[in-house]
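J.: Pasted the sequence and its predicted model underneath.
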Amino acid sequence: MMKVVFLRHGESLWNKENRFTGWTDIDLSAHGIEEAENAARLLKEEHFVFDIAYTSLLKRAIRTLWIVLDKMDLMWIPVEKSWRLNERHYGALQGLNKSEMAKKYGEEQVLLWRRSYDIRPPALDSNDPRHPKFDPRYRSLPPESIPSAESLKDTLERTVPYWTGKILPEVLSGKKVLIAAHGNSIRALIKYIESISDKEIVGLNIPTGFPLVYELDEKGRKIASYYLGDIQEIKKAERMVASQGKASS
Ligand SMILES: O=C(O)[C@@H](CO)OP(=O)(O)O
């Protein structure tokens, strides 16, 4: 049996302000730094060690990983960064407040934008200076891979090849792997690993800063999964993520 750990980054400054973030490169809040430190503590308590780590090209996930590796005295392990683990691109919604959007367009519409499987948010104008095609970190990507907005399905289509082609072979070879990523890139991978239906995936919310352990068999199929940490706190954090799309939050 192999184990792999997924970790959603700690709270970012825009999580705190309840703004759609996507590919905007926003750093951790002071609370997010504490959450990353707490994740390291939980992993250490359970005697986890890692041989290799994967993360996105966004600093909230990278810094979370740095903090965890620092606290675990594992800063020396190889780290691979890939755009494929980035948060889902939230298009023209990036920067906008989720509650204000719910007031303007209704909670149902915001839920569709946030949690439906194949509905894309409105696209970011291709001339918008915030468009990723102007960002040097995506320079090496073929233009057709650079999104203006992504549904969860689009996110799954870029994360799953990275999982099956890169990460899973390392896990199955016996390496202990940590993946520091984002709410929706983790949702996409969990949907794939667990074959969650398009309908059921709407109800899955990933809290910030709690290590999520997957036990896999020799074919990469799920045996069990569980969070490290206090179950009540985790449930509360999941509910908090879900309620970010409410008009009143
Ligand atoms: O704004 C975002 O990029 C994501 C994660 O913070 O939000 P949501 O939970 O609404 O998908």
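T.: Yep, it's here. Numbers count the residues shown, from 1 in each chain.

J.: what element comes up after the longest helix along the chain heading to the C-terminus?
T.: The residue-count maximum for a helix in the chain (DSSP state H) belongs to helix 30-45. Per DSSP states H and E, the first helix or strand lying C-terminal to helix 30-45 is strand 52-55.

J.: same for that next one, what does it pack against?
T.: With contacts defined as 3 or more Cβ pairs under 8 Å, 6 or more residues apart in numbering; DSSP states H and E, strand 52-55 has these neighbours: helix 59-71, strand 79-81, strand 177-181. C-beta: built from backbone N, CA, C; applies to glycine.

J.: That strand pairs with which strands?
T.: strand 79-81 (parallel), strand 177-181 (parallel) (DSSP bridges).

J.: can I get those in CSV with mean neighbour count, mean pLDDT and distance to residue 144?
T.: Below are the strands paired with strand 52-55 laid out as CSV (neighbours: other Cβ atoms under 10 Å; pLDDT from 0 to 100; distance: least, Cβ to Cβ, whole Å):
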stretch, mean neighbour count, mean pLDDT, distance to residue 144
strand 79-81, 16, 98, 21
strand 177-181, 27, 99, 23
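
J.: did I read that right, residue 3 in a strand?
T.: Yes: the assignment for residue 3 by DSSP: H, G, I helix; E, B strand; the rest coil puts it in a strand.

J.: what about the strands paired with strand 52-55, which gets the closest to the ligand?
T.: Closest of those to the ligand is strand 177-181, at 10.8 Å (criterion: Cβ to the nearest ligand atom).

J.: could you point out which element follows the closest one?
T.: Downstream of strand 177-181, the next assigned helix or strand under DSSP H and E is helix 183-194.

J.: Report the angle between that following helix and helix 59-71.
T.: Inter-element angle recorded for helix 183-194 and helix 59-71: 70 degrees (by axes from the mean of the first three to the mean of the last three Cα atoms, to 10 degrees).

J.: Could I get the full set of helices for this structure?
T.: Under DSSP H, the chain gives helices at 13-16, 30-45, 59-71, 98-105, 107-115, 152-162, 168-172, 183-194, 231-243.

J.: Adding mean neighbour count and mean pLDDT, write those out as CSV.
T.: Output for the helices of the chain, formatted as CSV (neighbours: other Cβ atoms under 10 Å; pLDDT from 0 to 100):
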stretch, mean neighbour count, mean pLDDT
helix 13-16, 18, 97
helix 30-45, 19, 98
helix 59-71, 22, 99
helix 98-105, 17, 97
helix 107-115, 18, 97
helix 152-162, 20, 98
helix 168-172, 17, 98
helix 183-194, 22, 98
helix 231-243, 14, 97
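
J.: can you redo those helices as TSV with distance to residue 205?
T.: Below are the helices of the chain laid out as TSV (distance: least, Cβ to Cβ, whole Å):
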stretch	distance to residue 205
helix 13-16	13
helix 30-45	16
helix 59-71	17
helix 98-105	13
helix 107-115	8
helix 152-162	13
helix 168-172	24
helix 183-194	7
helix 231-243	4
